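S.K.: Sequence and predicted structure, then a few things I'm wondering about:
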Amino acid sequence: MARTRETDFADRMSEHEALMWNIEKDPWLNPSGSSLTLLDQPLDMHRFRRQIRHGVANVPRLYQRVVPGFGRISTPAWVPDPEFNFDHHVREMDLGGSATERDLLDLATTLAAEPLDRTRPLWRFVAIRGIEGGRGAIWSIFHHAISDGIGQIRMAELYQQISRDEASHPEIDLEAIVAEACAAQPAKEQGGDTATSLASNVRSSVEHVARRQMGLGRRALGEVMLWPADSGRAVERATSTVSSARHTIDQLSGSSNETSGGSPLWKERSRHRHLEWVQVPLDELKAAAKSRGCSINDAFMAGLTNGAVAYHSERGVEVDAFNTSFVVSTRTDNKVAGNSFTPVLVQLSGDDLSPVERMLEVKRVAEAEREASSKSGGMNGLAGLANLLPTSVVTKTARDRASKIDFATSNLRGAPFELFCAGSRVEATIPLGPVAGTAANITALSYNGSIDIGLVIDPVAIDDPAAFRSHIVDAFSAILATTSDR
């Protein structure tokens, strides 16, 4: 699609990205999500490859690999990969012609379980054909250190079109572009094991820290110079700093929002995954939410929570409260890729509430927790402290925190119109969010009048995923019916 996006990238990961990179050393905490795009027909692979090559050429992060910083002095660096191999990242798979949608969902979970090679650029596409009805699909993954969900949606604009016959990009010599980028990168900074490379890495890391500290110093000096003109500002800033530090420590220690809540059925955890999906009409859900002064996200989380309540009620199990989370985007830019978000932990009643009561509860609780989170400095404040700690401490804390979350959620806004890719029409895109030690990750992506909801479930925790899905479908149907009550 013809749209201009900013594509400037930092040479090093942000503190937030470095934290996601580091905690992945514990496979349970893999932070990366993927997606399964359903198509009306198989891709034209020659055309698709040409589109992806064009996208890679315009997003340098896609031909860069990670070089660790020196110790804890600085975050990891991004450098062009001198061994970049396009075919490693774009693959094809034929399921034989009779594969069902269930087969496709199971394949997506299997592909998502395969870790990305941390010595290569951190992304992969698998074009899938051989699905019943002559349909096609694309499975894709980008490491979370490259981009959050919004950034990935923006990257998709590089290889999607708004009509089936839209002219594709011309051939491009991607290998020459990568070779030129490598040539411009001093060999000593390519991450080798020689003494020269080590010395360069140390020097680069120290320079990075110096620049960061100078920036902090300038901001601090500018703040202090305002205090004489505003005597209350110093007290306000001191109070805010103490509050932020306390919230960050609570987040790391697990003492924030500590309760006896959580599903008694969903305590066990595993690395097994099961994918279900639900499609909800966007305009109807928006109307139901708006009629009660709520947001789409309020209605989304209400449907999930009431579905969880019904699942437990069917089994005769009472729940004091469900522990869940949602994601707040802190983006203020137009950039492709990158990360700028904060997860917010919330606790919702396990009582059998009506759809309207549930939406209003979500609105009240979410607003309070969103405000508290905004005062903490968000994920960058948390990550900056966490990155100073031993990785084993951080992963242990993260896994302990995740084990208390019944389901994590995310809600993304996609294109409001029909899209095409290499001659194929996009029917739906099912997001697969990272479970990362929770009982389930449930991510919604709006597209062309619908919301596609991917339920990535740990089947050891939620041992009847199909029933859970059925209760969620019923819960959303009940929410949509509330508009007729007005």
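M.R.: Ah, there it is. Numbers count the residues shown, from 1 in each chain.
S.K.: ranges for the strands of the stretch 251-400 of the chain?
M.R.: Residue ranges of the strands in the stretch 251-400 of the chain, as given by DSSP state E, counting those that start in this stretch, are 274-281, 321-329, 341-349.
S.K.: Include mean neighbour count, distance to residue 97 and mean pLDDT when you put the ones you listed into TSV, please.
M.R.: C-beta coordinates here come from the backbone N, C-alpha and C atoms, glycine included. Shown next, in TSV, are these (neighbours: other CB atoms under 10 Å; distance: least, CB to CB, whole Å; pLDDT from 0 to 100):
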stretch	mean neighbour count	distance to residue 97	mean pLDDT
strand 274-281	19	22	98
strand 321-329	21	39	87
strand 341-349	20	40	86
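S.K.: would CSV of those strands with distance to residue 432 be doable?
M.R.: Listed next are those as CSV, based on distance: least, CB to CB, whole Å:
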stretch, distance to residue 432
strand 274-281, 6
strand 321-329, 15
strand 341-349, 17
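S.K.: Backbone dihedrals for the residue lying closest to residue 438 once chain neighbours are set aside, please?
M.R.: Nearest residue to residue 438, sequence neighbours excluded (CB to CB, 6 or more residues apart in numbering): residue 405, at 4.3 Å. Main-chain dihedrals, residue 405, degrees, to the nearest 10: phi -100, psi 130.
S.K.: And the strands of the stretch 251-400 of the chain: which comes nearest residue 41?
M.R.: Of all the strands of the stretch 251-400 of the chain, strand 274-281 sits nearest to residue 41, with 19.8 Å by CB to CB.
S.K.: Parallel or antiparallel, which strands does the closest one pair with?
M.R.: Paired with strand 274-281 in the same sheet, following DSSP bridges, are strand 450-457 (antiparallel).
S.K.: what comes into contact with stretch 454-470?
M.R.: By CB atoms under 8 Å, 6 or more residues apart in numbering, the residues outside stretch 454-470 that reach it are 35-36, 109, 112, 265-270, 272-278, 307-308, 311, 314, 430-435, 438-445, 472.
S.K.: Select only the buried ones of the residues you listed in PyMOL?
M.R.: What follows is the PyMOL syntax for the buried subset of the contacts of stretch 454-470, where burial is set by 16 or more other CB atoms under 10 Å:
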select buried, resi 35+36+109+112+265+266+269+273+274+275+276+277+278+307+308+311+430+431+432+433+434+435+438+439+440+441+442+443+444+445+472
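S.K.: Tell me which of the contacts of stretch 454-470 fall in helices.
M.R.: The helices, defined by DSSP state H, take in 109, 112, 307-308, 311, 314, 472 from the contacts of stretch 454-470.
S.K.: got a markdown table for those, with pLDDT and distance to residue 182 too?
M.R.: Output for those, formatted as a markdown table (pLDDT from 0 to 100; distance: CB to CB, whole Å):
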| residue | pLDDT | distance to residue 182 |
| --- | --- | --- |
| 109 | 97 | 36 |
| 112 | 95 | 30 |
| 307 | 98 | 50 |
| 308 | 98 | 50 |
| 311 | 98 | 53 |
| 314 | 98 | 58 |
| 472 | 98 | 48 |
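S.K.: Most widely separated two among the residues you listed?
M.R.: Largest separation among the ones in helices among the contacts of stretch 454-470 by CB to CB: 112 and 314, giving 28.7 Å.
S.K.: What's the separation between the nearest residue to residue 284 once chain neighbours are set aside and residue 277?
M.R.: Leaving out its chain neighbours, the residue that sits closest to residue 284 by CB to CB, 6+ apart is residue 480, at 4.9 Å. Plainly put, residue 480 is 18 Å away from residue 277 if you go by CB to CB, to the nearest Å.
S.K.: again, but for residue 470
M.R.: 13 Å.
S.K.: Now do the particular helix or strand that has residue 178 in it: distance to the chain's middle.
M.R.: For residue 178, the host element (DSSP states H and E) is helix 174-184. Offset of helix 174-184 from its chain centre (CA atoms, centre = their mean, to the nearest Å): 29 Å.
S.K.: Check stretch 99-111 too.
M.R.: With CA atoms, centre = their mean as the basis, stretch 99-111 stands 21 Å off its chain's centre.
S.K.: Go ahead and produce PDB holding the CA coordinates of that stretch.
M.R.: Extracted in PDB, the C-alpha atoms of stretch 99-111 (Å, rounded to 0.1, in the frame of the first residue of the first chain):
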ATOM      1  CA  ALA A  99      -6.100 -29.700   4.900                       C
ATOM      2  CA  THR A 100      -8.900 -28.400   7.100                       C
ATOM      3  CA  GLU A 101      -9.000 -25.200   9.100                       C
ATOM      4  CA  ARG A 102      -8.300 -27.200  12.200                       C
ATOM      5  CA  ASP A 103      -5.100 -28.600  10.500                       C
ATOM      6  CA  LEU A 104      -4.100 -25.100   9.700                       C
ATOM      7  CA  LEU A 105      -4.600 -23.800  13.300                       C
ATOM      8  CA  ASP A 106      -2.500 -26.700  14.600                       C
ATOM      9  CA  LEU A 107       0.200 -26.100  12.100                       C
ATOM     10  CA  ALA A 108       0.300 -22.400  13.200                       C
ATOM     11  CA  THR A 109       0.900 -23.400  16.800                       C
ATOM     12  CA  THR A 110       3.600 -25.900  15.800                       C
ATOM     13  CA  LEU A 111       5.400 -23.200  13.700                       C
END
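S.K.: contacts for that stretch?
M.R.: With CB under 8 Å, 6+ apart, stretch 99-111 has contacts from 34, 36, 38, 93, 95, 126, 128, 130-132, 137, 139, 141, 273-277, 430, 432, 456.
S.K.: Count the neighbours of residue 25 for me.
M.R.: Look at residue 25: counted by other CB atoms under 10 Å, it has 12 neighbours.
S.K.: again, but for the one 3 residues further on
M.R.: Using other CB under 10 Å, residue 28 has 17 other residues around it.
S.K.: Outline the domain layout of the protein.
M.R.: Using automatic domain parsing, the domain parsing of the chain gives 15-195, 226-256, 274-412+442-485.
S.K.: For the stretch 1-150 of the chain, which segments count as strands?
M.R.: So, for the stretch 1-150 of the chain - with DSSP E, counting those that start in this stretch - the strands run 34-39, 64-67, 77-80, 90-99, 123-131, 135-142.
S.K.: Make TSV from those strands and add mean pLDDT and distance to residue 117 to it.
M.R.: Putting those into TSV (pLDDT from 0 to 100; distance: least, CB to CB, whole Å) gives the following:
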stretch	mean pLDDT	distance to residue 117
strand 34-39	96	15
strand 64-67	95	9
strand 77-80	95	15
strand 90-99	96	13
strand 123-131	97	9
strand 135-142	96	12
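S.K.: Distance to residue 319 added to these, as a markdown table?
M.R.: Shown next, in a markdown table, are the strands of the stretch 1-150 of the chain (distance: least, CB to CB, whole Å):
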| stretch | distance to residue 319 |
| --- | --- |
| strand 34-39 | 30 |
| strand 64-67 | 41 |
| strand 77-80 | 44 |
| strand 90-99 | 37 |
| strand 123-131 | 38 |
| strand 135-142 | 33 |
